[in-house]
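Engineer: What shape does this take:
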Amino acid sequence: MHESLVKWLNTFELSAPVASLADLCDGLTLHEILRGIAPESFEEGSLKEGVSANAILKTNNIKKLLRELSDYYSSVLLQDYDTDLIDPSAVASADPDETAKLVEGVLGCAVQCDSKAKYIQTLMTLDTASQKDMMVLTQRLLQLGEENAIDRDSSWAGDQTHDESFSGNDSALLDSQAL
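Structural biologist: Modelled structure (predicted):
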């Protein structure tokens, strides 16, 4: 699964290719991807650059990235996103399983954003094995999104709506493009 995530990450126009999940330990590449997905929600320059030698600064970058990711999920996708399930220190230490959880959060943004059709199409350009891995992850993320949807009628949500928000049609889109 990790190899499939790396292949997916490399479908984005990045300043440097991703060789392994360890390349993501400072948060900068994932933030670069998120700025491409939703530039209005992920501010350029919000993470510190040149922190690869400092575990504390890398951890701080991951914490900031998780906060921005959580804010995006709640304010745009209208979903709860539990950042406590990801250990920022482990990601900063290049733990592949913790880093994969964070990449899955980024994938969730891609397949549920306003431009989701574009990102789902890109998944279909991967090799067959990676497509299958990413399809399983995507379907799981869409189901989690449904389960974690914030009640739009709640008083704090106010007028926030997301016309392209997650729906059963997303699964149909995925199924129609499945192998």
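
Engineer: Only C-alpha atoms from now on, for both contacts and neighbour counts.
Structural biologist: Noted.

Engineer: who are the neighbours in contact with the residue nearest in space to the middle of the chain?
Structural biologist: Of all residues in the chain, the one closest to the mean position by CA atoms, centre = their mean is V106, 0.6 Å from it. Residues counted as contacts of V106 (CA atoms under 8 Å, 6 or more residues apart in numbering) are 30, 34, 69.

Engineer: which stretch of helix or strand covers the last one?
Structural biologist: Secondary structure here is read from DSSP states H and E; on that basis L69 sits in helix 55-75.

Engineer: related to what we said a few turns ago, in the helix or strand where the residue nearest to the centre of the chain lies, what counts as buried?
Structural biologist: Following DSSP H and E, one finds V106 within helix 96-110. Buried residues in helix 96-110, defined by neighbour count with 16 or more other CA atoms under 10 Å: 96, 98-110.

Engineer: Following element in sequence after the helix holding L69, please.
Structural biologist: Moving toward the C-terminus from helix 55-75, the next helix or strand (DSSP H and E) is helix 88-92.

Engineer: got a list of contacts for that following helix?
Structural biologist: Helix 88-92 is contacted by residues 24-26, 55, 58-60, 62-63, 98-99 when judged by CA under 8 Å, 6+ apart.

Engineer: Drop anything exposed from those.
Structural biologist: Buried among these (16+ other CA under 10 Å): 24-26, 55, 58-60, 62-63, 98-99.

Engineer: Around the nearest residue to R67 once chain neighbours are set aside, how many other residues sit close by?
Structural biologist: With sequence-adjacent residues excluded and distances taken as CA to CA, 6 or more residues apart in numbering, R67 is closest to T83, at 7.7 Å. Neighbour count of T83, defined by other CA atoms under 10 Å: 16.
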